[in-house]
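# Test case, fold it:
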Amino acid sequence: DSVSFKLQPNGVFGSNYSKIHNGNYKILMDDLDLGNLQIDQGGVYSLIVARDPETNIHRSLTHTLTSPNSVHILWLLPQILVITIGEIMFSVTGLEFSYSQAPESMKSVLQAAWLLTTAFGNVIVILVAEAKAFDDRASEFFMFACLMLLDMAIFMFLAWRY
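Just a heads-up that it's a prediction; the model follows:
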């Protein structure tokens, strides 16, 4: 593959960000070899070609703005599968229970209340994320896990009393 930008030996030149496929690229200015550039999946790079004031020779500098991916995306599939199965089991049984136990005149109100609890849960997530109360995501997820345990205990109590 070849990617080219029109460089001007004298003066300053900039270009827009461009999508470049993975691989190893030679950096050439006219016929002068300025080095290599390794592009990896998911990385964002900034390439600077500048003249060294001491030697008057053009050099290339590469800055990594975003580190390349280190984990393959397929590792997300088991997590997505568990979340999907949990969502199906929880939502379907909750909606069915609220629909079957409600009086005829209240069925739509209970369906709306079920969806309102989902919206309220999303608001909690937004508030916690925007408050930035935790230093790392692991602590934030642990707090959500504790909230889920508390929620499960409340549901168990309500089920026992039903």
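# all contacts plus neighbour counts: C-alpha atoms, from now on.
Noted.
# Leu81 versus Ser139, what's the distance?
23 Å (CA to CA, to the nearest Å).
# do the same with Asn22
29 Å.
# Ok, Tyr17 next?
Counting by CA to CA - Tyr17 and Leu81 are separated by 35 Å.
# cool, Ala119 as well?
22 Å.
# Kindly report the same for Ser15.
42 Å.
# Look at these two and report which has more neighbours.
Leu81 (11 against 8; other CA atoms under 10 Å).
# Show the contacting residues for that one.
Shown in contact with Leu81 (CA atoms under 8 Å, 6 or more residues apart in numbering): no residues.
# Am I right that it sits in a strand?
No. The assignment for Leu81, made by DSSP: H, G, I helix; E, B strand; the rest coil, is helix rather than a strand.
# Any regions of the protein where pLDDT drops low?
Low-confidence segments of the chain, defined by pLDDT under 70: 1-12.
# Which strand or helix spans Thr55?
Here Thr55, judged by DSSP states H and E, is contained in no helix and no strand.
# And the one 10 residues further on, by the same measure?
Taking DSSP H and E as the criterion, Leu65 maps to strand 58-66.
# Mind giving me the packing neighbours of that strand?
When contacts are defined as 3 or more CA pairs under 8 Å, 6 or more residues apart in numbering; DSSP states H and E, strand 58-66 packs onto strand 32-39, strand 44-51.
# Can you say which of these is packed in most?
Comparing the helices and strands packed on strand 58-66 by mean neighbour count (mean count of other CA atoms under 10 Å), strand 44-51 comes out on top with a mean of 15.
# Can you give the contact residues for that one?
Counting by CA under 8 Å, 6+ apart, 39, 57-68 sit against strand 44-51.
# Centre of the chain to it, how far?
Centroid displacement of strand 44-51 relative to its chain, using CA atoms, centre = their mean, to the nearest Å, is 27 Å.
# Quick check: neighbours of that strand in the sheet, parallel or antiparallel?
As defined by DSSP bridges, the strand partners of strand 44-51 come to strand 58-66 (antiparallel).
# mind checking how far the strand it pairs with is from the chain centre?
The answer for strand 58-66 is 25 Å, by CA atoms, centre = their mean.
# and the angle from that strand to strand 32-39?
In terms of direction (axes from the mean of the first three to the mean of the last three CA atoms, to 10 degrees), strand 58-66 departs from strand 32-39 by 10 degrees.
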